[in-house]
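In: got a sequence here, can you build the structure:
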Amino acid sequence: MNSLIYNMSSLRAPSPLLNNPLHSSSLKRINCAINVPKLPGLPKTPPRRSVVEDLHTFSTDRSPILMETKTLHHRDVYDSTISKGTIQLYAILEAVADRIEMHNNLGEQRDNWNALLLNSINMLTLAASTMAGVAGMGSSEGAPLLALKLSSALLFSAATGMLLGTNKIQPSQLAEEQRNAARLFKQLQTQIQTTITIGNPSEGDVRDAIEKVLALDKAYPLPLLGGAMLEKFPSKFEAARWWPRSRLNNDKAKMEIIIKNKDNGWSVELEEEMREVIEVMKRKDMEDYERLGNIALKINKGLAISGPLLTGIAALGSVFSEDGLVPVLAGALATVINALEHGGQVGMVFEMYRTCGGFFQLLEETIESTIEDKDLERRENGELFEMKMALQLGRSVSQLRELASKSASCRIQGREIDEFACKLF
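Out: As a prediction, this is how the structure comes out:
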């Protein structure tokens, strides 16, 4: 024990090597190699924490910047009455983002339905026609092939049932509805984000956002059962409507308010320009898309009736026809009609015309409701409104003004304008 104490005291004694930098590294190696046994009764040193733990403790407990940030965040979210509308708009944004994902998923699913049902029905029809032809050839030789006839009739019957269901739901039109809904929900998402970025959203902004979401849900429903699905074969063409009814304060709109030096970017010439744009849209764009929509509706109705009718005739002809001519011809025609209807996606074309008609109707109502409001301060800025209308029609501001002046001159001369308002589609 005495020798051990002597060794330890000698280690604590100062050495001339400590002041010599040439021997510092060797001394460290010597100290690292010495193994000193533990003595009883010495206090235990607390375990050292890592640098990461020290930084974490500092950042969570002692950092004044983070503590101030937490305090500000808490005050902004829960204590400020100005940010209540912002919180509500963020909640609406979450619902809108979820709807975008749902419509995208359902759009892909229903597009797959169209391709799978088209191929399946055509394969069934062609297989049944082949069996009916083979059975007819066998019966002419005096050896009736009952199995082929029954199989052909069964396949034609299955194709008839599948065609009735497919023509009822129109998968290509359903897929186009979901694509349009996803696009319009993304547009609404951008509008809400812009409102939040500008700052201080009001209760009216929140109410308008909720009404737009509900209007889109009604215009493009997700379920197919329970009467929620849109009518695929209406009696006449009607444009789609995905926006809420405009609420104008009629009493204030009827007031004649004269504001000096506060025109808000509006002038008499700009209002006349917007009215001329409305007239061009009514006479050219809306009438043209209504005409095309009615044509697409009639073609779709005719094809939807002809396909199941021909496969039904082919099913009966497979049983009662001796030579197999009727089922083969009816099956071939049914295949062609099915390929035209669902391969050509006539339902999707009809839905596209409905959406385009709704687009022009929305522009018309937006311009009319803005012009009818006599309070210029409540209107959107005139220059900004003109630019937005021009961009939505695929034109520049100068091109929009040229269109309005051309429409006015044609109307004065009593002739029809030969130009459409929209250049996008």
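In: and the gap between Glu176 and Gln345?
Out: 8 Å (C-beta to C-beta, to the nearest Å). For the C-beta atoms, the positions are set from N, CA and C on the backbone; glycine is no exception.
In: next: Asp373.
Out: 42 Å.
In: and Glu176 and Gln345? which has more neighbours close in?
Out: Neighbours were counted for Glu176 and for Gln345 using other C-beta atoms under 10 Å; Glu176 has more, 24 against 21.
In: could you report the pLDDT at the more buried one?
Out: In this prediction, Glu176 carries a pLDDT score of 96.
In: next: Phe360.
Out: 95.
In: please apply the same query to Lys70.
Out: 41.
In: what's the offset of the helix ranked longest in the chain from the middle of its chain?
Out: When the chain is parsed with DSSP state H, its longest helix is helix 84-140. Remark: helix 84-140 is offset 17 Å from the chain centroid, using C-alpha atoms, centre = their mean, to the nearest Å.
In: cool, stretch 155-169 as well?
Out: The answer for stretch 155-169 is 30 Å, by C-alpha atoms, centre = their mean.
In: next: stretch 213-220.
Out: The answer for stretch 213-220 is 12 Å, by C-alpha atoms, centre = their mean.
In: and stretch 376-391, by the same measure?
Out: 26 Å.
In: would you mark the buried spots in it?
Out: Within stretch 376-391, the residues that qualify as buried are 376, 379, 382, 385-386, 389-390, counting by 16 or more other C-beta atoms under 10 Å.
In: can I get that stretch in PDB, CA atoms only?
Out: Taking C-alpha atoms only, stretch 376-391 is exported to PDB below (Å, rounded to 0.1, in the frame of the first residue of the first chain):
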ATOM      1  CA  LEU A 376     -67.000  51.100 -57.300                       C
ATOM      2  CA  GLU A 377     -65.100  50.600 -54.100                       C
ATOM      3  CA  ARG A 378     -66.700  47.200 -53.600                       C
ATOM      4  CA  ARG A 379     -65.700  46.000 -57.100                       C
ATOM      5  CA  GLU A 380     -62.500  44.300 -57.900                       C
ATOM      6  CA  ASN A 381     -60.000  46.700 -59.400                       C
ATOM      7  CA  GLY A 382     -60.900  47.400 -63.000                       C
ATOM      8  CA  GLU A 383     -57.500  47.000 -64.600                       C
ATOM      9  CA  LEU A 384     -56.900  43.800 -62.700                       C
ATOM     10  CA  PHE A 385     -60.400  42.500 -63.700                       C
ATOM     11  CA  GLU A 386     -59.700  43.300 -67.300                       C
ATOM     12  CA  MET A 387     -56.400  41.500 -67.200                       C
ATOM     13  CA  LYS A 388     -58.000  38.400 -65.600                       C
ATOM     14  CA  MET A 389     -60.800  38.200 -68.200                       C
ATOM     15  CA  ALA A 390     -58.300  38.500 -71.000                       C
ATOM     16  CA  LEU A 391     -56.100  35.700 -69.700                       C
END
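In: same question for that stretch, mean pLDDT?
Out: pLDDT averaged over stretch 376-391 gives 91.
In: got a list of contacts for that stretch?
Out: Identification of contacts with stretch 376-391 by C-beta atoms under 8 Å, 6 or more residues apart in numbering yields 252, 257, 259, 262-267, 270, 273-274, 277, 363, 367, 370, 373, 396-397, 399-400.
In: pLDDT below threshold where in the stretch 201-350 of the chain?
Out: 246-262 (pLDDT under 70).
In: recalculate using a threshold of 80.
Out: Within the stretch 201-350 of the chain, the segments meeting pLDDT under 80 span 226, 245-263, 322.
In: now do the helix or strand encompassing Ile196 against helix 84-140, angle only.
Out: Remark: Ile196 resides in helix 171-198, with elements defined by DSSP states H and E. Put simply, helix 171-198 runs at 170 degrees to helix 84-140, going by axes from the mean of the first three to the mean of the last three C-alpha atoms, to 10 degrees.
In: next secondary structure after helix 171-198?
Out: helix 203-219.
In: okay, buried residues for that next one please.
Out: 205-206, 208-210, 212-213, 215-216, 219.
In: which residues does it contact?
Out: Counting by C-beta under 8 Å, 6+ apart, 85, 88-89, 92, 95-96, 99, 181, 184-185, 188, 191-192, 195, 240-244 sit against helix 203-219.
In: rerun that using 10 Å as the cut-off
Out: For helix 203-219, the surrounding residues in contact (C-beta atoms under 10 Å, 6 or more residues apart in numbering) are 84-89, 91-93, 95-96, 99, 103, 177, 180-181, 184-185, 187-189, 191-192, 195-196, 198, 201-202, 228, 230, 240-245, 247, 355, 358.
In: can you say which of those are buried?
Out: Applying 16+ other C-beta under 10 Å to these flags 85-86, 88-89, 92-93, 96, 99, 103, 177, 180-181, 184-185, 188-189, 192, 195-196, 201, 230, 240-244, 355, 358 as buried.
In: any stretches of the stretch 51-200 of the chain with poor pLDDT?
Out: Looking at the stretch 51-200 of the chain by pLDDT under 80, you get 51-83, 136-145.
In: does Trp266 sit in a helix, a strand or a coil?
Out: coil (DSSP: H, G, I helix; E, B strand; the rest coil).
In: next: Gly226.
Out: Assignment for Gly226 (three-state DSSP): coil.
In: residues near it, how many?
Out: Neighbours of Gly226 using other C-beta under 10 Å come to 7.
In: so what does it have for phi and psi?
Out: Reported as degrees, to the nearest 10, the phi and psi values for Gly226 are phi 80, psi 20.
In: roughly how far does it sit from Lys218?
Out: 14 Å.
In: what's the answer for Thr370, then?
Out: 24 Å.
In: what does Arg99 give?
Out: Arg99 is 13 Å from Lys218, by C-beta to C-beta.
In: Ser398 too?
Out: Ser398 is 39 Å from Lys218, by C-beta to C-beta.
In: before we move on, what about Asn114?
Out: If you go by C-beta to C-beta, the gap between Asn114 and Lys218 works out to 24 Å.
In: for Glu368, same thing?
Out: Glu368 is 22 Å from Lys218, by C-beta to C-beta.
In: again with Ile169
Out: From Ile169 to Lys218 the distance is 19 Å (C-beta to C-beta).
In: ditto for Leu146
Out: Distance from Leu146 to Lys218, by C-beta to C-beta: 54 Å.
In: give me the element Ala408 is part of.
Out: helix 397-413.
In: surely Pro308 meets Asn167?
Out: Yes. At 6.9 Å, Pro308 and Asn167 qualify as touching, with contact defined as C-beta atoms under 10 Å.
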